[in-house]
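**Q** Quick one, fold the following:
(one chain, ligands or ions: 1)
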Amino acid sequence: MVPSPQSRTRLWTPKHVVVTRSAAERPHAAEIVARCEAAGVGDIDFLRSDRITGLRGDDERATYARAKSTLAVVVSPPSKRKLQPIPPSADWRLDLAEGCPAHCQYCYLAGSLSGPPVTRVYADLDEILAGMDAYVGRGGVTSGTAGRAHEGTTFEASCYTDPLGIEHVTGSLAATIAHAGTHDFGGPVQLRATTKFGGVEPLLGLPHSGRTRIRVSVNAAGVAGRFEGGTDPVAVRLAGLGRLARAGYPAGLTIAPIMPVPGWREEYGALLDAAAAELDGVPGLDLTVECITHRFTPGSREVLTGWYPNTKLEMDPERRSRKFGKYGAVKYVYRREDMAELRTWFDRALAERLPAARALYWT
Ligand code: SF4
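**A** Sure, this is the predicted structure:
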């Protein structure tokens with residue numbers, strides 16, 4: 001018998017769980033601990049303080065392995081309560097967790113988070129959700145613009161984590177979707193999340209009210225197969241997206257990070273065809289596409305080559321253009337001519353192969 005997409009889904013189970021003292025007082029921590037126990041985690045440690053210890057091994061390799069297999073249940077830092085804009089994706093960044101157990105060799109978190117790559121999930125979920133109200137109607141990326149105002153005030157939940165990848169031990173994404181779908185915000189609101197996993201079962205029956213757009217992050221076979229360790233295969237992600245779309249969710253593809261690997265036209269073409277086949281016949285399909293080309297910073301390159309010393313990922317500053325970010329930070333993107341070639345091809349291929357999709361941005 002062919003296994004269903006759901007049964008082929010990878011469900012991450014941490015080896016170690018640590019709960020800080022402040023987190024242990026919150027009801028959501030009890031739910032996370034119960035989920036971890038049910039998943040068979042034997043090592044659950046209630047700390048006496050809010051300092052997370054015991055993440056470092058004898059060398060960088062051991063520290064990486066220990067941190068990536070640990071779930072820390074913490075209270076979010078006060079700075080997280082003040083939401084930040086996150087262009088071009090959404091009006092506001094809504095963090096439910098920070099860190100991810102997967103092993104993508106280009107991971108953008110490498111340049112943003114410091115210290116051992118542990119996954120921290122926030123136990124103060126009630127406060128995080130209650131804080132959304134104050135931001136409704138105040139965004140500058142979607143709600144305050146002519147082109148994307150119809151999306152409402154958007155909250156992006158996957159800036160610093162893959163919320164579906166940790167869902168079966170946290171329950172945070174389902175709670176957030178249900179809140180977005182049932183709470184009276186006083187104006188149109190959209191929750192957004194993107195994932196490289198396909199375990200959508202817990203989301204299917206939620207009262208989402210069409211207010212959550214889940215996108216799957218997908219890539220050419222030559223990128224996904226080589227550089228995205230610890231994630232679900234692209235076919236499983238697309239199957240998950242199809243199930244969500246059939247359950248009435250607005251859906252999306254995050255094609256990222258786009259790389260001109262050998263045979264990229266054929267491989268990205270096959271990817272778009274597979275997405276079209278998966279979404280074929282979905283009643284009232286609401287589909288968007290976001291395209292993000294590969295980039296890196298000097299800092300992320302250093303961290304990633306430390307974590308993945310044998311990586312074949314191209315991160316050669318000589319082959320890239322330098323771009324300066326908001327605070328003068330350097331990032332390396334593809335050269336103008338390479339970018340133009342990619343963009344021209346994607347514009348045409350998307351129009352031909354996924355005509356129902358609305359492109360939100362290219363970067
Ligand atoms: S799934 Fe996303 S957040 Fe997780 S390692 Fe991969 S790129 Fe990083």
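
**Q** give me the number of residues near Ala274?
**A** 17 (other CB atoms under 10 Å). Every residue, glycine included, has its C-beta placed from N, CA and C.

**Q** Where does it sit: helix, strand or coil?
**A** Of the three states, Ala274 takes helix under DSSP: H, G, I helix; E, B strand; the rest coil.

**Q** so it touches Arg237, yeah?
**A** No - contact criterion CB atoms under 8 Å: Ala274 and Arg237 do not qualify, at 10.2 Å.

**Q** Mutual contacts of these two, please.
**A** Between them, Ala274 and Arg237 share no contacting residue under CB atoms under 8 Å, 6 or more residues apart in numbering.

**Q** Pull out the buried residues from stretch 21-31.
**A** 22-23, 26, 28-29, 31 (16 or more other CB atoms under 10 Å).

**Q** So which residues make contact with it?
**A** Contacts of stretch 21-31 (CB under 8 Å, 6+ apart): 19, 46-50, 73-75, 122-126, 171-172, 175.

**Q** The same query, at a cut-off of 7 Å, please.
**A** 19, 46-50, 73-75, 123-126, 171 (CB atoms under 7 Å, 6 or more residues apart in numbering).

**Q** Which helix or strand contains the closest residue in space to Lys312 that isn't next to it in sequence?
**A** Take Lys312 and drop its neighbours on the chain: the residue closest to it by CB to CB, 6 or more residues apart in numbering is Arg226, 6.7 Å away. Assigned by DSSP states H and E, Arg226 belongs to helix 221-227.

**Q** Also Leu360?
**A** strand 358-362.

**Q** buried set for that strand?
**A** 360, 362.

**Q** Over to stretch 130-149?
**A** 131-132, 135-136, 139, 141-143, 148.

**Q** Equivalent analysis for stretch 202-216, please.
**A** Result for stretch 202-216 [16+ other CB under 10 Å]: buried residues 203, 206, 208, 211-216.

**Q** And the contacts of it?
**A** So stretch 202-216 is contacted by 167, 174, 177-178, 180-182, 189-195, 237-238, 240-241, 243-244, 247-254, 288, 290 (CB under 7 Å, 6+ apart).

**Q** Also stretch 237-252?
**A** Outside stretch 237-252, the residues that reach it (CB under 7 Å, 6+ apart) are 5, 196-200, 203-204, 208, 210, 212-216, 218, 274-275, 278-279, 282, 285-290.

**Q** The residues you listed also near the ligand: which ones?
**A** Counting by CB under 6 Å from any ligand atom, Lys196 from these sit close to the ligand.

**Q** Excluding sequence neighbours, find me the nearest residue to His294.
**A** Pro257 (3.7 Å).

**Q** now do Ala220
**A** Nearest to Ala220 is Glu267, by CB to CB, 6+ apart, at 3.5 Å.

**Q** sorry, back to before: which one of the buried residues of stretch 130-149 is nearest to the ligand?
**A** Val141 (20.7 Å; CB to the nearest ligand atom).

**Q** Leu350 versus that closest one, what's the distance?
**A** 22 Å (CB to CB, to the nearest Å).

**Q** repeat for Gly284
**A** 20 Å.

**Q** all helices for the stretch 151-300 of the chain, in order.
**A** 167-170, 172-182, 221-227, 234-246, 264-279, 298-307 (DSSP state H, counting those that start in this stretch).

**Q** Can you tell me which of those helices is most buried?
**A** helix 167-170 (a mean of 25; mean count of other CB atoms under 10 Å).

**Q** Show me what it is packed against.
**A** With contacts taken as 3 or more CB pairs under 7 Å, 6 or more residues apart in numbering; DSSP states H and E, helix 167-170 sits against helix 27-38.

**Q** so what's the backbone phi/psi at Ala90?
**A** phi -160, psi 160 (degrees, to the nearest 10).

**Q** so it bridges to which residues?
**A** Beta bridges link Ala90 to Ile86, judged by DSSP bridges.

**Q** got a pLDDT number for Pro3?
**A** Here, the pLDDT recorded for Pro3 equals 52.

**Q** any idea how far Ser209 lies from Phe185?
**A** For Ser209 relative to Phe185 (CB to CB), the value is 11 Å.

**Q** my bad, Cys104
**A** From Cys104 to Phe185 the distance is 33 Å (CB to CB).

**Q** try Ser79
**A** On the measure of CB to CB, Ser79 and Phe185 end up 23 Å apart.

**Q** of the two, who's got more company?
**A** Set side by side, Ser79 and Phe185 show more neighbours around Phe185, with 16 against 7, by other CB under 10 Å.
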